[in-house]
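Student: Quick one, structure for this:
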Amino acid sequence: MSDIHGILFNMQIIYSIFLGVWAAVSAAQGKSISGNFWGAVATYTILIAGTLLMGVVLALSGLRPKDGRLTLYFLYMLFLLVIMPGLFSMLRGRDDRAAGVAFAILAFFNASVGISMADRGLVGPWIDF
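Tutor: The predicted model follows:
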(Lines give C-alpha, C1' and ligand atoms only; values in the text may rest on other atoms or scores of the structure.)
Protein backbone atom coordinates (compact mmCIF):
# COMPACT_ATOMS: atom_id res chain seq x y z
CA MET A 1 0.00 0.00 0.00
CA SER A 2 2.96 2.28 0.59
CA ASP A 3 3.92 1.85 -3.07
CA ILE A 4 0.42 2.78 -4.22
CA HIS A 5 0.57 5.89 -2.05
CA GLY A 6 3.91 6.81 -3.62
CA ILE A 7 2.53 6.36 -7.13
CA LEU A 8 -0.52 8.52 -6.35
CA PHE A 9 1.69 11.17 -4.80
CA ASN A 10 3.99 11.27 -7.83
CA MET A 11 0.90 11.52 -10.04
CA GLN A 12 -0.23 14.64 -8.20
CA ILE A 13 3.16 16.30 -8.74
CA ILE A 14 3.07 15.58 -12.47
CA TYR A 15 -0.60 16.57 -12.70
CA SER A 16 0.18 19.88 -10.97
CA ILE A 17 2.87 20.63 -13.52
CA PHE A 18 0.50 19.89 -16.40
CA LEU A 19 -2.21 22.09 -14.84
CA GLY A 20 0.32 24.89 -14.48
CA VAL A 21 1.43 24.62 -18.09
CA TRP A 22 -2.17 24.49 -19.29
CA ALA A 23 -3.17 27.58 -17.29
CA ALA A 24 -0.01 29.47 -18.31
CA VAL A 25 -0.52 28.73 -22.00
CA SER A 26 -4.17 29.78 -21.80
CA ALA A 27 -3.20 33.01 -20.05
CA ALA A 28 -0.38 33.72 -22.52
CA GLN A 29 -2.79 33.30 -25.43
CA GLY A 30 -5.31 35.61 -23.74
CA LYS A 31 -7.93 32.87 -23.63
CA SER A 32 -10.33 32.36 -20.77
CA ILE A 33 -10.08 29.23 -18.70
CA SER A 34 -12.29 26.55 -20.21
CA GLY A 35 -14.68 24.16 -18.55
CA ASN A 36 -12.22 21.39 -19.33
CA PHE A 37 -9.70 23.10 -17.05
CA TRP A 38 -12.24 23.27 -14.22
CA GLY A 39 -12.85 19.55 -14.68
CA ALA A 40 -9.10 18.96 -14.49
CA VAL A 41 -8.97 20.97 -11.25
CA ALA A 42 -11.77 18.80 -9.85
CA THR A 43 -9.87 15.68 -10.92
CA TYR A 44 -6.74 17.05 -9.21
CA THR A 45 -8.72 17.56 -6.00
CA ILE A 46 -10.06 13.99 -6.19
CA LEU A 47 -6.51 12.70 -6.76
CA ILE A 48 -5.28 14.56 -3.66
CA ALA A 49 -8.25 13.25 -1.65
CA GLY A 50 -7.46 9.69 -2.73
CA THR A 51 -3.80 10.10 -1.81
CA LEU A 52 -4.75 11.56 1.56
CA LEU A 53 -7.21 8.72 2.16
CA MET A 54 -4.45 6.24 1.39
CA GLY A 55 -2.25 8.06 3.93
CA VAL A 56 -5.01 7.81 6.54
CA VAL A 57 -5.32 4.06 5.91
CA LEU A 58 -1.56 3.64 6.23
CA ALA A 59 -1.50 5.66 9.46
CA LEU A 60 -4.40 3.71 10.96
CA SER A 61 -2.59 0.47 10.19
CA GLY A 62 0.31 1.66 12.37
CA LEU A 63 2.69 2.87 9.68
CA ARG A 64 4.45 6.23 9.63
CA PRO A 65 6.50 8.10 7.04
CA LYS A 66 10.22 7.41 7.20
CA ASP A 67 10.96 10.49 9.30
CA GLY A 68 7.92 9.93 11.56
CA ARG A 69 6.40 13.41 11.15
CA LEU A 70 2.85 12.28 10.49
CA THR A 71 1.24 15.55 11.61
CA LEU A 72 3.29 17.53 9.11
CA TYR A 73 2.31 15.10 6.35
CA PHE A 74 -1.39 15.60 7.09
CA LEU A 75 -1.03 19.40 7.25
CA TYR A 76 0.64 19.50 3.85
CA MET A 77 -1.92 17.14 2.32
CA LEU A 78 -4.84 19.14 3.71
CA PHE A 79 -3.28 22.28 2.22
CA LEU A 80 -3.00 20.59 -1.18
CA LEU A 81 -6.59 19.38 -0.88
CA VAL A 82 -8.19 22.77 -0.23
CA ILE A 83 -5.97 25.28 -2.04
CA MET A 84 -7.15 24.81 -5.65
CA PRO A 85 -10.88 24.88 -4.82
CA GLY A 86 -10.07 27.70 -2.39
CA LEU A 87 -8.51 29.81 -5.13
CA PHE A 88 -11.52 29.10 -7.35
CA SER A 89 -13.87 30.37 -4.64
CA MET A 90 -11.65 33.38 -3.86
CA LEU A 91 -11.72 34.37 -7.51
CA ARG A 92 -15.49 33.71 -7.56
CA GLY A 93 -15.24 31.54 -10.65
CA ARG A 94 -13.46 34.13 -12.80
CA ASP A 95 -12.00 32.67 -15.95
CA ASP A 96 -10.05 35.61 -17.40
CA ARG A 97 -6.34 35.94 -18.08
CA ALA A 98 -5.51 37.01 -14.51
CA ALA A 99 -7.23 33.90 -13.15
CA GLY A 100 -5.19 31.78 -15.56
CA VAL A 101 -1.99 33.34 -14.26
CA ALA A 102 -3.09 32.78 -10.65
CA PHE A 103 -3.89 29.12 -11.31
CA ALA A 104 -0.62 28.61 -13.16
CA ILE A 105 1.38 30.03 -10.26
CA LEU A 106 -0.56 27.96 -7.75
CA ALA A 107 -0.20 24.76 -9.74
CA PHE A 108 3.57 25.20 -10.02
CA PHE A 109 3.71 26.02 -6.30
CA ASN A 110 1.75 22.85 -5.51
CA ALA A 111 4.21 20.82 -7.57
CA SER A 112 7.10 22.36 -5.64
CA VAL A 113 5.36 21.59 -2.34
CA GLY A 114 5.02 17.96 -3.43
CA ILE A 115 8.67 17.78 -4.44
CA SER A 116 9.66 19.32 -1.11
CA MET A 117 7.56 16.75 0.75
CA ALA A 118 9.24 13.94 -1.15
CA ASP A 119 12.71 15.36 -0.46
CA ARG A 120 11.95 15.56 3.26
CA GLY A 121 10.79 11.95 3.39
CA LEU A 122 7.21 12.86 4.30
CA VAL A 123 5.61 10.63 1.70
CA GLY A 124 7.46 7.40 2.08
CA PRO A 125 8.50 4.83 2.51
CA TRP A 126 5.98 4.18 5.26
CA ILE A 127 7.48 2.03 8.01
CA ASP A 128 6.26 0.45 11.22
CA PHE A 129 7.12 2.48 14.34
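
Student: Show me the helices in this protein, by range?
Tutor: With DSSP state H applied, the chain shows helices at 2-28, 35-60, 70-90, 97-120, listed in chain order.

Student: Which positions within the last one qualify as buried?
Tutor: By 16 or more other C-beta atoms under 10 Å, the buried positions in helix 97-120 come out as 97, 99-100, 102-104, 106-108, 110-111, 113-114, 117. C-beta here means a position set from N, CA and C on the backbone, and glycine is covered the same way.

Student: CSV please, covering the helices of the chain and showing mean pLDDT.
Tutor: Below are those laid out as CSV (pLDDT from 0 to 100):
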stretch, mean pLDDT
helix 2-28, 94
helix 35-60, 95
helix 70-90, 94
helix 97-120, 95
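
Student: Make TSV out of those helices and add distance to residue 128.
Tutor: Shown next, in TSV, are these (distance: least, C-beta to C-beta, whole Å):
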stretch	distance to residue 128
helix 2-28	11
helix 35-60	10
helix 70-90	13
helix 97-120	20
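
Student: Who's the closest spatial neighbour of the spatially most central residue of the chain, skipping the chain neighbours?
Tutor: By C-alpha atoms, centre = their mean, the chain has its centre lying nearest to residue 80, at 4.6 Å. Closest residue in space to residue 80, ignoring its immediate chain neighbours: residue 48 at 5.0 Å, by C-beta to C-beta, 6 or more residues apart in numbering.
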